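Colleague: coordinates for the following, if possible.
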Amino acid sequence: MNAKHVEQIQTIQAEQAVREKTLLEEAKSRFRMEVAEREARLIAEAEERFMKLTEIREAKFMDMFDAREKKYEALINECMAKGMSIEFQSSRHDDKAFSSDDDE
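Modeller: Below is the predicted model of the structure:
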């Protein structure tokens, strides 16, 4: 091989190295973009799941709260009804006491 051939081979190798480096940089760039897109998609999915779980928890809490509210409301109504009947009975007893005092 003469010097001209060696020089041509070195030039071709240098050009090939530049092309390989460019291709490698492009591949890295595409890979980074794909990773960033995949990461963004996964984050969006995770946020969506979190929001759904939050909504479910909120709904369960509200259901539990409503059930307790109804339970306590029924308990209060029951106590009020019993209290009213006790007051009514005691007022009847008071009436009897007054009427027996009047009879004397």
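
Colleague: quick one: list the elements packing against the helix or strand where V18 lies.
Modeller: Using DSSP states H and E, V18 maps to helix 3-103. Applying 3 or more CB pairs under 8 Å, 6 or more residues apart in numbering; DSSP states H and E, we find helix 3-103 packed against no helix or strand. Quick note: C-beta positions are derived from backbone N, CA and C, even for glycine.

Colleague: got a pLDDT number for the residue nearest the centre of the chain?
Modeller: By CA atoms, centre = their mean, the chain has its centre lying nearest to T54, at 2.4 Å. T54 carries a pLDDT value of 96.

Colleague: that one and R41: what is the separation?
Modeller: 20 Å (CB to CB, to the nearest Å).

Colleague: tell me, how many residues neighbour K60?
Modeller: 10 (other CB atoms under 10 Å).

Colleague: next one: it from K82, what distance?
Modeller: To K82, K60 is 33 Å away according to CB to CB.

Colleague: what does E34 give?
Modeller: In terms of CB to CB, E34 sits 71 Å off from K82.

Colleague: and if you look at A59?
Modeller: Counting by CB to CB - A59 and K82 are separated by 34 Å.

Colleague: next: V35.
Modeller: 69 Å.
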